[in-house]
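[1] test case, fold it:
(3 chains)
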Amino acid sequence: MKVNFELNGKRVETDVEPRMTLADCIRDHLRQTGTHLACEHGVCGACTVLVNGEAVRSCLILAVQAQDERVLTVEGLSREEALTPLQSAFRKHHALQCGFCTPGFITTAHALLTEEPEADEDRIREVLSGNLCRCTGYLPIIEAVLEARSAYTHKDDK
Amino acid sequence: MKLAAFDYASPATIEEAVALLASRSGNAKIISGGQSLVPMLAFRLAAPELLVDLKQLQGLNRIDIAEDGVRLGAKVRWCEIERNERLKGAHPLLVEAIRHVAHYQIRNRGTVGGSLAHADPAAEMPGIAITSEAELMIVGSKGKRIDKASDFFKGSLSTSLAPDEILTEIKLPPWLVGRRWAFLEFALRRGDFAIAGVALYYDMVGGNIADIHIGAIGVGDRPLRLHAVEAVLNGRKLDDVAIEDAAKAARESIDPPSDIHAPAEYRRALLTTLLARALRQSAV
Amino acid sequence: MRIPNSYIGRPIERTEDLRFLRGRGTYVADVNRPRQLTAAILRSSLAHGRLRGINASRALAMPGVHRVLTANDFDNEIPRIALRLQPLPQLAPFHQPMIADKKVRYVGEPVALVVAETAAIAEDALDFIEVDIEPLPVVVAREQAEAALLFEEHGTNCAISWKAFRGDADAAFKEADYVRRGHFKVQRHAAMFMEPRGFVADWDGQTLTVWGAAKTAWYNRRLLAASLRLPIEAVDLIEVDIGGGFGSRGEFYPEDYLIPAAAKLVGRPVKWNEDRREHMMAANHAREVECEVEIAARRDGRVLGLRGQIWSDIGAYVRTNGGVGPRNVAQYMSGPYAIENIDLKSSMLLTNKTPTGTYRGPGRFETDFIRERMLDLLAKDLNIGRLELRRRNFVADSQMPYPLASITPYDSSTELDSGDYHAVFDRCLAEFDWKTKEQFSGRLIDGYYHGLAVGSFIEGGAAGPKEEARLVLETDGTLSVYLGSSSVGQGLETIMAQIAADATEMPYEKIRVRHGSTSHVKEGYGAYHSRSTVMGGSAILRAAEQLKERIRALGAERLGCLAEQVMLDGERARYGNRTLRFADLSAFPIEVEAEFLNNKQTWAYGTHAVHVAVDAGTGRVKVLDYMAVEDVGRTINPATLHGQTIGSIVQGLGGAFLEHLVYDANGQLLTGSFADYLMPTASDFPKIRSSIVELKRCPNNPLGAKGGGEGGIIPVGGIMANAIADALKQLDVQPMELPLSPPRIWALVEAAKSQVTTRLEGENGK
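    Residues are numbered from 1 along each chain as shown, chains lettered A, B, ... in the order given. Next up is the predicted model:
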């Protein structure tokens, strides 16, 4: 089946079997491998992407279900010239070690802070409890997201 | 864990959806949020030939608050319940219970109808449905019907839905002002399925408990109404003795399962403890 | 006058992050080769049986399926996985064959391999391969050891027993004022790194290139080459970015052979990625230990001896490092305490479960749980304070080097190198504020029982025998650093660049670290046992000295002076007022290779303290405050080390409370997904604090560093159990088993309450 959607700002079209997940479509057909697979059953959050601005588990969405949607992956949230404020905060606080879970945390945190730039520590922990990390023990990730908030509140000042 | 092959359809009307389901004699399944179905497909625990996506169907994602009750369309997502300011006052028990469902990303896709149709005995939505004596609106090739929650849940992952039927809406009875309520669940980690949970509400008439509804999740093969416990409490003051009696009745009226996370004795004791705590909490 | 570099000790931001944060890392699942096919592995669904036959005809008939490989396709004699560590000949019968050969011995054992166009088709084909297995009785517990033999020729299911001995334990026990016995269990759990394993193998007729290597690429290369009957030079293992290892990834598994072998047989590149369900039954399990131990003490609390028996459930085969954990439980039970008389036997029991290997702090997490529990029990029985008891028993710095228990067979002698255990103990108590929190011990506040505990540990690191580094001063003036150490997420590229910058005085920005490919250095060893900083870092120091000599020699020729007169100044060589840029020294790259040899382990050490609140009604335990202090001798990058410490502690908390690989009586693994195998999430343990100190340098390497990074996990089980016992001391609840899950804590409380009731009834009945 043909599926047609927007990926990181560009219109894409590809032919998929109905059984192909959005995660596999993004990784294998569209060659964006920043979205990672660590469980393929909807628990670990490494595959998190944004669909119409909402953080979702791309291993639980069929590619065909993405028809006409707007999809953003970690690549779409990155800039060539420099790290974004969220990414810089992660680096500053050493919020990643092996980096495998990191794209999922970046997309989830971005979605959260975009909607709730005032989110407090409890809310941040609550939201990020849907993403597994085996290396960091989470503390530095929480610190990074807390610091990154200011970049999202300032957006409203325009 | 790649999925096994299936066909896929995304019909524009509910009649088409029903016809598609009927055409495969039980080998077709609905997909909407997919948060319960896709993991099962990933583990190859289910092998439908056809998935019928409700994506294009209109009118199934309304939240209606009216005098005769609260209606939730089957496609209403958990995040929509969370964001609906009016619901907090219109049905606080529902809103509190839904706070415990899964995680952020799942809440953006998972639906009320999906959870009810999936019928996990530890899930919150079926628990609220049973506790509040909800009604479920169903459409199939034989037409429309309404099922009572107490008739809808047949067992673990099993409901009264025929292979060609689609759940379209759930209706919760109206919530009375001044009602007392509590929802308490115990999970090993935040967002996990409950090991056990209790939902309850009652009115106060002349200082006594009236019309108490108590539901339990995680302690049977389906969500349970604890009628025996309700019988012990109706018409009484809520005091320590009443709570003791209620706990005893709860302990004796359930037959919980064992699994790798919790043995039956623990679930039994846990439910009893949660009930007592929920009753105390409701009085505050 | 230039200020010398001092990158060592600074919390430099990591270079790796620039690609990881953008989703630009290259993990093995991101590697693709032209014309590649994908493999899936058919695994045994029975725990024990004789392989009668495999019929793949239906699978082969499926469109997109190219080959189905079984034992018959590989060799007359199926190669076996030889031990990398403690390779005793008596363990040879228990080496795992690369594919099941005549018998299957655990659920998950590879039985066949499908090669197909896509992963989905390969997985589809698995259902169409018929495997005929004649079931045999299943052994899943020590008590059943007689039910069936996994290796009939061997006559027993005990693979080997280690003995840890020191002094004269029997004499010590005879003269002791007090002896306390305990029976302990630690549950099976695992490293469970986030990136599932995978390989891409490509055979071009002459060279076999395999992507997906980790940890011990040089050993693996030798074993793979031998198994495929290829010369070593014909095999190159390449390490790409790695999503965690924790001791488990990178050891040689059956798939390390099967995928390259398939590529060679099929004549096209073959790619394989395990999925999570597979990972749970295929990657090394760890930690399943049972122990009967006695501790002997004088009345004043001086511990005189340890004596007892440990059983490790090691699964169906002895894997490459399967003996390490069981041996460590025995050898390191004394920890940082001066226990002169030890007699511990540690038996490795074969069962029909997934084989085991090392997982962060192997054997140490288990043994510290046992020892620290015993110390608290001893303190209670002797009515001595828990802090005082520990202080009376620490090894003093003046006693070092202090030999630990010896091991037989396979001597693994080691000595504590340096340490001020008292100082770190006191520092931890102070930062934790034990003085103030003490008042909460055992009290019931707002429905929670509060408890405290403290425990000390040692962390062995820097396993020898050596490591290599190759430095190349490129013609553009940059420095390439090639290492035998491998990256397992620990920030290797950054840390080694810091060391290289300080050692060569070159600008940090001009240094690039490359690691973990077998073509990078002649003989590397890899990343394990917290060795990379010490071993790899020390090799860089050696290589840097040689490089500087070469630069001086070349500079001397061009500057017209003697080599000793050449000053090295960042990127330039100077003599008087004449300078020469490194980039202009030679038309060709300047290369040196050096090794660092070391057989002395380093011993980092520390103390952790915790404050918990226990809900006796549900068994839930909240960690209110957790304080960790560790001395690593010398820190290269405090940010990365702190990160590893926190991560390690949280893994320990997972092991203490949540994680459990559960088998049923038929050897079926019931924990098959992340819905069953529970790991800590961001909401579970919010309050963890850690300090790193540099009190005692290590005397045995030029950096003065001790291997760190595993330590955080080691004491966690013991102090959590002790804190719960402290909280519930009114009820005399004594946890002796992990995990400390709510149902288990609740059951202990109920048992304790009914004992109280019985006692009261007994008294009333008088």
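[2] would you check that A:Lys4 makes contact with A:Val16?
    If you look again at residue A:4, you'll see it is Asn, not Lys. No - using Cβ atoms under 8 Å, A:Asn4 is not in contact with A:Val16; the gap is 10.9 Å. Placement of C-beta: from N, CA and C, glycine included.
[3] neighbour count winner among those two?
    For A:Asn4 versus A:Val16, neighbours defined as other Cβ atoms under 10 Å in any protein chain shown are more numerous around A:Val16 (20 against 12).
[4] that one: what's its closest spatial neighbour, skipping adjacent residues?
    Closest residue to A:Val16 apart from its sequence neighbours, by Cβ to Cβ, 6 or more residues apart in numbering or on different chains: A:Ala63 at 4.5 Å.
[5] the one you found against A:Val3, yeah?
    Yes - between A:Ala63 and A:Val3 there is a contact under Cβ under 8 Å: 5.4 Å.
[6] now stretch C:427-434 - C-alpha only, CSV.
    The C-alpha coordinates for stretch C:427-434 follow below in CSV (Å, rounded to 0.1, in the frame of the first residue of the first chain):
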residue,chain,number,x,y,z
ARG,C,427,32.6,11.2,55.0
CYS,C,428,29.5,9.3,53.8
LEU,C,429,27.8,9.3,57.2
ALA,C,430,28.5,13.1,57.4
GLU,C,431,27.1,14.0,54.0
PHE,C,432,24.2,11.7,54.5
ASP,C,433,23.6,13.3,58.0
TRP,C,434,23.3,10.0,59.8
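[7] contacts for that stretch?
    C:387, C:435, C:452, C:454, C:606-609, C:611, C:625, C:627-629, C:689, C:691, C:693 (Cβ atoms under 8 Å, 6 or more residues apart in numbering or on different chains).
[8] filter these down to the buried ones.
    Buried by 16 or more other Cβ atoms under 10 Å in any protein chain shown: C:387, C:452, C:454, C:606-609, C:611, C:627-629, C:691, C:693, out of the contacts of stretch C:427-434.
[9] from those, pick the one nearest C:Glu366.
    C:His608 (16.1 Å; Cβ to Cβ).
[10] the closest residue to B:Leu224 other than its chain neighbours: neighbouring residues, count only.
    Closest residue in space to B:Leu224, ignoring its immediate chain neighbours: B:Ala216 at 4.8 Å, by Cβ to Cβ, 6+ apart. B:Ala216 has 30 neighbouring residues, counting by other Cβ under 10 Å.
[11] avg pLDDT for whichever strand or helix holds B:Ala216?
    In the assignment (DSSP states H and E), B:Ala216 maps to strand B:208-217. Taken as a whole, strand B:208-217 has an average pLDDT of 98.
[12] parallel or antiparallel, list what pairs with it.
    Partner strands for strand B:208-217, per DSSP bridges, with pairing direction: strand B:196-205 (antiparallel), strand B:224-225 (antiparallel).
[13] excluding covalently adjacent residues, which one is nearest to the residue of chain C found nearest chain A?
    Closest approach between chain C and chain A, counting by Cβ to the nearest Cβ: C:Gly23, at 1.9 Å. Closest residue to C:Gly23 apart from its sequence neighbours, by Cβ to Cβ, 6+ apart: A:Gly34 at 1.9 Å.
[14] mind listing what that neighbour touches?
    A:Thr73, A:Val74, A:Glu75, A:Pro103, C:Arg22, C:Gly23, C:Arg24, C:Gly25.
[15] mind checking how far it is from A:Gly104?
    A:Gly34 sits at a distance of 10 Å from A:Gly104 (criterion: Cβ to Cβ, to the nearest Å).
[16] my guess is A:Ala89 meets A:Ala95, correct?
    Yes - with contact defined as Cβ under 8 Å, A:Ala89 reaches A:Ala95; the gap is 7.5 Å.
[17] alright, I will stop here.
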